[in-house]
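1. okay, here's the prediction I keep looking at, along with the sequence it came from:
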Amino acid sequence: MRAPRHLRSRGPLTGFVLLLCAVGGAAWAADRPAGWELSAGVAAGAVGPDTDLADYRWDTTPTAQTALQALVSRGPLAAGLRVSRWSTTQGTGLADDTPDPRVGTWQGELVARVRVVTLLGVGVWASGQLGRMRLAYEPDQVVIPGALAGEDLTVDFAPITETTLGAGLVLQRRLGRRLDVALEAERTGYAIDTAHRRGDEIVSQRQDFANWSLRLGVAWAFASQGDAP
């Protein structure tokens, strides 16, 4: 296994979020808006789990992701909430006829965005996310008959809940007066407790991972004072 990557994954993400705050303040000062706008929408795309998860028998093939999102915006700044879901499988390494449990992942995140520039009607937004991720297994228990001197062995797969930190880029276009279409690319970092065999011993450690995601979203905007710029 490679060494934990908090200096290579968490560090850059944290730095990006701090930079986002600084850029947001500058954008707010340069582009003072007239009114607030609320938007709500859905998005769908794919997430690529960290390839290092394959060391723990995860299927890291890109898989479908769906999301619901609500944002409040004013001029070049936006903030809100997002809930997303995706799933994959994790091998058990047990008996050949033991089914691989499915890992369902829910994420709830606080989202902040700042519009960096608008080109040909397309807004380019930098984004930062902070949230919680819950991994739950289905089935969450496997019974191996006769595994312990003729006795059945029960293996439990406990759910995992961890903090996430992410950053990304959003390309957004307003169609008509109310409909927004956006392409969102993000990298999300998190850490989980892992265990693996090293020689004759089992090594437990906390390891950092990061997923990539790409989604296409649509949202309906409700303006409080005219239309957003």
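-> Thanks, I have the structure now. Numbering: from 1, shown residues only.

2. show the pLDDT at Ala146.
-> For the record, residue 146 is Gly, not Ala. If you check Gly146, the pLDDT there is 59.

3. same check, this time on the one 10 residues further on
-> As summarised for this prediction, Asp156 has a pLDDT of 80.

4. next up, the contacts around Ala64.
-> The contact partners of Ala64, by CB atoms under 8 Å, 6 or more residues apart in numbering, come to Ala44, Gly45, Ala46, Val47, Trp86. Glycine gets a C-beta too; all of them are placed from N, C-alpha and C.

5. next, count neighbours for the fourth one.
-> Val47 is flanked by 22 other residues according to other CB atoms under 10 Å.

6. what's whichever strand or helix holds it packed up against?
-> Per DSSP states H and E, Val47 falls inside strand 37-48. Helices and strands touching strand 37-48, by 3 or more CB pairs under 8 Å, 6 or more residues apart in numbering; DSSP states H and E, are strand 63-74, strand 179-198, strand 201-223.

7. if we go to 10 Å?
-> For strand 37-48, the packing partners by 3 or more CB pairs under 10 Å, 6 or more residues apart in numbering; DSSP states H and E come out as strand 63-74, strand 77-89, strand 179-198, strand 201-223.

8. who does it pair up with?
-> Sheet pairing of strand 37-48 (DSSP bridges) gives strand 63-74 (antiparallel), strand 201-223 (antiparallel).

9. next, the buried residues of the shortest one.
-> Put plainly, it is strand 63-74. For strand 63-74, the neighbour count (16 or more other CB atoms under 10 Å) marks Gln65, Ala67, Gln69, Leu71, Ser73, Arg74 as buried.

10. Ser204 and Leu53, how far apart?
-> 16 Å (CB to CB, to the nearest Å).

11. more crowded one of these two?
-> Just comparing Ser204 and Leu53: by other CB under 10 Å the higher neighbour count belongs to Leu53, 19 against 9.

12. pretty sure that one sits in a strand.
-> No. According to DSSP: H, G, I helix; E, B strand; the rest coil, Leu53 belongs to no strand; its state is helix.

13. I'd guessed it sits against Asp59; true?
-> Yes. Using CB atoms under 10 Å, Leu53 is in contact with Asp59, at 8.6 Å.

14. can you check which residues contact both of those two?
-> Thr88, Gln90, Val103 (CB atoms under 10 Å, 6 or more residues apart in numbering).

15. which among the residues you listed count as buried?
-> Judged by 16+ other CB under 10 Å, buried ones among those: Thr88, Gln90, Val103.

16. of these, which is the nearest to Ser213?
-> The shortest approach to Ser213 among the buried ones among the shared contacts of Leu53 and Asp59 belongs to Thr88, at 13.0 Å (CB to CB).

17. thank you kindly, that will do.
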